[in-house]
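# Have a look at this prediction, sequence included:
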Amino acid sequence: MCSPIRNPLPRVLRMFVSGFAHVARPLGSLLARSARVPDPPWRWHGVAGPWFDNNLALLEIDGAQLRSVWLG
């Protein structure tokens, strides 16, 4: 399961979380570079979202491969 199952966020918080991602990602990258943190050996990217409705998520791990599926 993934949040917010049975714990939906109010509309105001949803707008804040959606907007905050646009600020947090570049800020985190800047802080990591200034602290000389090495890049991770893998890449993470979002293709859609964030979603705030109830849903289920499945994470499949196959060796070094990860796959996530959202079931709504």
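Everything's here; your move. Residues are numbered from 1 along each chain as shown.

# Residue ranges in the protein under the pLDDT threshold?
Low-confidence segments of the chain, defined by pLDDT under 70: 1-8, 49-53, 72.

# which residues of it fall in strands?
Using DSSP state E, the strands of the chain run over 56-62, 65-71.

# elements contacting the first one?
For strand 56-62, the helices and strands in contact under the criterion 3 or more CB pairs under 8 Å, 6 or more residues apart in numbering; DSSP states H and E are strand 65-71. For every residue, glycine as well, the C-beta is placed using N, CA and C.

# what is the orientation angle of the strand it packs on with strand 56-62?
When axes from the mean of the first three to the mean of the last three CA atoms, to 10 degrees is applied, the directions of strand 65-71 and strand 56-62 differ by 160 degrees.

# what number of residues lie near residue 36?
The number of residues packed around residue 36, counting by other CB atoms under 10 Å, is 6.

# Having no further points to raise, I will conclude here.
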